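# Compute the structure for the input listed below.
(2 chains)
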Amino acid sequence: MIKTPRGTKDVLPSESYKWQYLEKKFKEVTDLFNYKELRTPIFESTEVFSRSIGEETDIVNKEMYTFNDRSDSSLTLRPEMTAALVRSAIENSLTNTAGVQRLWYFGPFFRYERPQKGRFRQFHQFGVECLSSPNPDSDVEVLHLADKLIKEIGISEYTLFINSIGNKASREKYNNVLVQYFNENKDKLSENSKERLDKNPLRILDSKSPDDIALLDDAPKISDSLDEESQLHYNQVKEKLTSLGIKFMENHKLVRGLDYYSHTVFEFQSNLLGAQDSFGGGGRYNELFSQLGGKDVPAVGFAMGVERLLIILEESGKFDNIEEQIDLYIVKATKDDSVIYNLISKLRDNGVILNYDLLDKNFKGQFKEANRVNAKWTMIIGDDEISNNKLTIKNMKSGEQSEIDFENILKFNFKD
RNA sequence: GCGGAAGUAGCUCAGUCGGUAGAGCAUCAGUUUGUGGAUCUGAACGUCGCGGGUUCAAGCCCCGUCUUUCGCCCCA
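I've put the predicted structure just below:
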């Protein structure tokens, strides 16, 4: 039997309504904030990601689906959206117009990782990006949208963690202080973090190793390295979040894995997810546009893992007791199809959701089928009904049955 | 990429000391013509993940492999 490749899965008919539910909410909430959808190709030139995410990150180093096409161009299945979106914004001159650009996206992404709960090789992200504003107000708008969305889809147990990693100068200053501290204590660092010390020292901050955690108590904090501009930005973000009534916790150890972040970084966490406890995250990226060959454009955004949202919703019982119904099941008891098909066509024109037998089931079998598809009503069309010019309709919940004239059938309410 | 656990009917799972596989749920059928759900009776349903090996004999033991899962790593 041929199976889906490792780390991928089918969304089955019995599950797809959950995805449609989320997609509907994405649309509703982004409409509320006047964000517009941007769709980009599933694959991009490899350099879109290699030049932006960071050469030393695992994503670029070992997780990208990179291949050469038949004309030897190096292409990569997109592992994330922000870099692709910035590529598109530059290519299409989106930021050359006045004002800010409010964008959202939803779609599949690809990383060659070892699958686990909430971690797949093809996974889906929903996200938004707000381009062209350096103001803390745009950080806050994006956070407001994210927080609103999470509440709208029915997640109540979660925590928003925020931090600032400052502008470039502050970050470089902190990087030096931190590297110095860890070098002085290198023998106490975990093996993993010794490597991180060379590649991405900030990542040591969110290490899970007890050795590192002990060391971090006395480590210099990034807040002490923030310059005036960075501090002002961060403080305003916090004040405005408070004014909006958005709950957050500061976590000075929160950093992000991708190289392009600056100033505000944040993460939404749920304890229903196990090791992959983060279901959304993002931050500001003021230097990404210029890294990808554009002008300096400040921007901020976030992404959410859709599979992780689904896990949270499923585990919190959001989809329990979902009952799918159809309005009507037509029970055929005549060979005279013409009357039936004429009626079916008119009923569907009137918006009645209906099914009927396609398997030549007998009378009893058709009722069983009506029951299985959870029909609110059944309608019997037999030779008796046709000769009497009447139809028999039955309410499947109460079991009550009555007759109705042919010409009145379109006025009947099958929805209740 | 590293370490642990698991894979048996459509689903959830039993399967003892190695002796050719079972339950519940679901499915299908049930005293001649047009009435579903509950109960009862019966039936059907298996490449025991896949491939090797040991053995008279393997779901069970050994090796490999694939997939899932829990951590590490990474990240949404």
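
# Show the contacting residues for the spatially closest residue to A:Tyr65 that is not a sequence neighbour.
Distances taken as CB to CB, 6 or more residues apart in numbering place A:Leu77 nearest to A:Tyr65, at 4.0 Å, with adjacent residues excluded. All C-beta atoms are positioned from the backbone trio N, CA, C, and that covers glycine. With contacts taken as CB atoms under 8 Å, 6 or more residues apart in numbering, A:Leu77 has the following neighbours: A:Ile42, A:Phe43, A:Met64, A:Tyr65, A:Thr66, A:Phe109, A:Phe110.

# Please tell me I have it right and the fourth one contacts A:Tyr112.
Yes. A:Tyr65 sits in contact with A:Tyr112 when judged by CB atoms under 8 Å, with a separation of 6.1 Å.

# what's stretch A:156-164 in contact with?
Contacting residues not belonging to stretch A:156-164 are listed as A:143, A:147, A:150, A:222-223, A:226, A:230-231, A:233-234, A:237-238, A:241, A:246-255, A:263-272, A:279, A:312, A:316 [CB under 8 Å, 6+ apart].

# Can you give me the domain boundaries for chain A?
According to automatic domain parsing, chain A comprises the domains A:13-167+A:227-319, A:325-411.

# Would you reformat those as CSV and include distance to A:Asn185?
Formatted as CSV, the entries for the domains of chain A read as follows, by distance: least, CB to CB, whole Å:
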stretch, distance to A:Asn185
domain A:13-167+A:227-319, 16
domain A:325-411, 64
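
# Return the most buried member of those domains.
domain A:13-167+A:227-319 (a mean of 18; mean count of other CB atoms under 10 Å).

# Where in chain A is the helix or strand with the lowest mean pLDDT?
Ranking every helix and strand in chain A by mean pLDDT, DSSP states H and E puts helix A:58 at the bottom, with a mean of 76.

# quick one on the thing from earlier: and the residue nearest to A:Tyr65, what's its pLDDT?
A:Leu77 carries a pLDDT score of 95 in this model.

# try the one 5 residues further on
At A:Thr82, the predicted lDDT confidence score is 94.

# is it true that it touches A:Ala303?
Yes. Because the distance of 7.4 Å satisfies CB under 8 Å, A:Thr82 is recorded as touching A:Ala303.

# quick one: common contacting residues for the two?
With contacts defined as CB under 8 Å, 6+ apart, the residues adjacent to both A:Thr82 and A:Ala303 are A:Gly127.

# Just checking, which helix or strand succeeds the helix or strand harbouring A:Ile162 along the chain?
A:Ile162 is part of strand A:159-164, with elements assigned from DSSP states H and E. The helix or strand immediately downstream of strand A:159-164 is helix A:168-184, counting by DSSP H and E.

# Run the angle between that next one and strand A:159-164 for me.
Our comparison of helix A:168-184 with strand A:159-164, counting by axes from the mean of the first three to the mean of the last three CA atoms, to 10 degrees, yields an angle of 100 degrees.

# by contact count, what packs against helix A:168-184?
If you count contacts as 3 or more CB pairs under 8 Å, 6 or more residues apart in numbering; DSSP states H and E, helix A:168-184 packs onto helix A:191-199.

# quick one: average pLDDT of the helix it packs on?
When the per-residue pLDDT values of helix A:191-199 are averaged, the result is 84.

# There's contact between A:Tyr112 and A:Val60 in this structure, I believe.
No. The pair formed by A:Tyr112 and A:Val60 falls short of the contact definition of CB under 8 Å, at 11.5 Å.

# chain center to the strand holding A:Ile162: distance?
For strand A:159-164, the separation from the chain centroid amounts to 19 Å (computed by CA atoms, centre = their mean, to the nearest Å).

# Is there proximity between that strand and RNA strand B?
No. Under the criterion of CB under 7 Å from any atom of the strand, RNA strand B is not reached by strand A:159-164; the shortest gap measures 10.8 Å.

# Given that strand, what are its sheet partners and their directions?
Strand A:159-164 has these partner strands in its sheet, going by DSSP bridges: strand A:249-250 (parallel), strand A:262-269 (antiparallel).

# Can you spell out which helices and strands pack onto the helix or strand following the last one?
Later in the chain than strand A:262-269, the nearest helix or strand by DSSP H and E is strand A:278-284. Judged by 3+ CB pairs under 8 Å, 6+ apart, strand A:278-284 is in contact with helix A:136-152, strand A:262-269, strand A:299-305, helix A:306-315.

# can you list contacts of the shortest one?
Residues outside strand A:299-305 that contact it (CB under 8 Å, 6+ apart) are A:80-82, A:85-86, A:118, A:123-133, A:138-139, A:142-143, A:146, A:149, A:264, A:266, A:268, A:276, A:278-286, A:288-289.

# Can you narrow the residues you listed down to the ones near RNA strand B?
A:Glu80, A:Gly118, A:Phe123, A:Gln125, A:Gln276, A:Ser278, A:Phe279, A:Gly280, A:Gly281, A:Gly282.

# contacting residues around the residue in the stretch 151-300 of chain A that RNA strand B sits nearest to?
The minimum distance from the stretch 151-300 of chain A to RNA strand B, using CB to the nearest atom of the strand, falls at A:Gly257 (2.2 Å). With contacts defined as CB under 8 Å, 6+ apart, A:Gly257 is in contact with A:Thr57, A:Asp58, A:Ile59, A:Asn200, A:Arg203.
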